[in-house]
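*Asks:* Take this sequence and fold it.
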Amino acid sequence: GSCGNMNGDADDDTTEAIYSRIGARVPSGELLFNDRAPVDLTTVEEKLLTMCEPEKLAKAQTECAKDLASLTRTPSAVQTKSCMLDICYGANEHTLKMAKGLGLVPEVIE
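*Replies:* Residues are numbered from 1 along each chain as shown. Now for the predicted structure:
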């Protein structure tokens, strides 16, 4: 599954290994619920995508097209954009801080 295959080997729990085992999404016949919940990108995610470095964005488009080709149907725009966000910002633990600094996310008043 997406959380690993419980064999104690973290090396085979990479995104690529999970995609090779189950694909990018759980097949319809294996869903726990009757319907899929609609998924949309937030305004902040859309804005961050426009701010992705051009070289990284081009790499994201190429890699996501390749990775999502394993789907049994054409990937949705949200699936493609989500994949691209992962490549543009996935390894950046400071993305939320950056978005707040740019005024994209309001500060929470405590």
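*Asks:* Quick one: end-to-end distance for stretch 30-50.
*Replies:* Distance between the two ends of stretch 30-50: 35 Å, counting by C-alpha to C-alpha, to the nearest Å.
*Asks:* buried ones in that stretch?
*Replies:* 45, 48-49 (16 or more other C-beta atoms under 10 Å). Where you see a C-beta, it was placed from the backbone N, CA and C, and this is true even at glycine.
*Asks:* Next: stretch 48-66.
*Replies:* For stretch 48-66, using 16+ other C-beta under 10 Å, the buried residues are 48-49, 52, 57, 60, 64.
*Asks:* Show me the strands in this protein, by range?
*Replies:* With strands called from DSSP state E, the chain shows none.
*Asks:* the bottom helix or strand of it by mean pLDDT?
*Replies:* Least confident helix or strand of the chain, by mean pLDDT, DSSP states H and E, is helix 95-101 with a mean of 68.
*Asks:* hang on, the earlier thing: could you redo the buried residues of stretch 48-66 as CSV and give each row pLDDT and distance to Arg73?
*Replies:* Listed next are the buried residues of stretch 48-66 as CSV, based on pLDDT from 0 to 100; distance: C-beta to C-beta, whole Å:
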residue, pLDDT, distance to Arg73
Leu48, 88, 26
Leu49, 91, 23
Cys52, 92, 26
Leu57, 94, 24
Ala60, 92, 21
Cys64, 89, 15
